[in-house]
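1. One predicted model, sequence on top.
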Amino acid sequence: MYLLIDIGNTACKAAFADNEKIGKPFRYAGDDIGQFVRDIFESEKPGERVEVAVLSNVRADDPGLEAMLRNEYCDRLVVLDVDECNRLVKTGLAQFEVLANMPEGMGADRIGAILAANSLFPENDLMVFDFGTATTVEFIDCHKEETPARYVGGSISLGLNTRYRALSHFTERIPLLNPREFMESHKEEKISPIGYDLDTALAAGNILGIMFEIEGYQRAYPERTVIFTGGDAIYFAEKLKSSIFVAHNLVLVGLLQIAQFYAEQ
């Protein structure tokens, strides 16, 4: 049994897994990740330890959490970072070759998503969009003849909620609105690029703005398979109505591959 933990900028996801599948993901939006982990063990696996725990953390390092996991809950803890990626690549296993071009300081969540996307679509060149605190786009080339699969590069821009928060913070008169409330109340409507009040103007500039970004990437790279993940993936996939795969919990899928590898060692 494995424990997979994905600590994002806004929330943390954790799930138990075995070699076959990932169990129910648990989500937590607070700061006490240690107590969150204790709670899910007490409710789901009281008194048990896992063979391998894999931790992806884009926040500040948390030595207390890592020590707690090692001492109380797992036989082996793997902290996913660039150094860990280098170790995985040096194993020479084909499943990790896609990570060979990771830039220094790349977020662990992006690393996990890239690894997972390549494993899900090994025959396809990919564009992976992750809609979180940041909107990220990753480009992955698949294995071709003598060339292994490789991460090509990507982009980072503001996520949807971050855009709304930034506008409210840096202006005097724009209040902090919730974009998800707008998306829910206008689910069946096409967003106009011309807003007629503050709510619709923000939606045009930010929600529709992200859709324009996606469509621009698709026009520029029509040969690539598109994967969406993150909190707003379903919404954007439904609005765009193009050939898009939505992969929930993509980072956890990548963490599972790493857990399986270390369990076999």
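-> Looks like it came in fine.
2. could you pull out the helices for the stretch 101-250 of the chain?
-> 108-120, 160-170, 179-185, 198-202, 208-220, 233-240, 250-264 (DSSP state H, counting those that start in this stretch).
3. Can you tell me which of those is packed in deepest?
-> helix 108-120 (a mean of 24; mean count of other CB atoms under 10 Å). Any C-beta I mention is one placed from the backbone N, CA and C, and that applies to glycine too.
4. what angle separates that one from helix 250-264?
-> Inter-element angle recorded for helix 108-120 and helix 250-264: 80 degrees (by axes from the mean of the first three to the mean of the last three CA atoms, to 10 degrees).
5. Go ahead and produce PDB holding the CA coordinates of helix 108-120.
-> Written as PDB, here are the backbone C-alpha positions of helix 108-120 (Å, rounded to 0.1, in the frame of the first residue of the first chain):
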ATOM      1  CA  ALA A 108       7.000  18.900  -8.200                       C
ATOM      2  CA  ASP A 109       3.300  19.000  -9.300                       C
ATOM      3  CA  ARG A 110       4.400  19.800 -12.800                       C
ATOM      4  CA  ILE A 111       6.900  16.900 -12.700                       C
ATOM      5  CA  GLY A 112       4.200  14.500 -11.600                       C
ATOM      6  CA  ALA A 113       1.800  15.600 -14.200                       C
ATOM      7  CA  ILE A 114       4.300  15.300 -17.000                       C
ATOM      8  CA  LEU A 115       5.200  11.800 -15.900                       C
ATOM      9  CA  ALA A 116       1.600  10.700 -15.700                       C
ATOM     10  CA  ALA A 117       0.600  12.300 -19.000                       C
ATOM     11  CA  ASN A 118       3.300  10.500 -20.900                       C
ATOM     12  CA  SER A 119       2.300   7.200 -19.300                       C
ATOM     13  CA  LEU A 120      -1.300   7.600 -20.200                       C
END
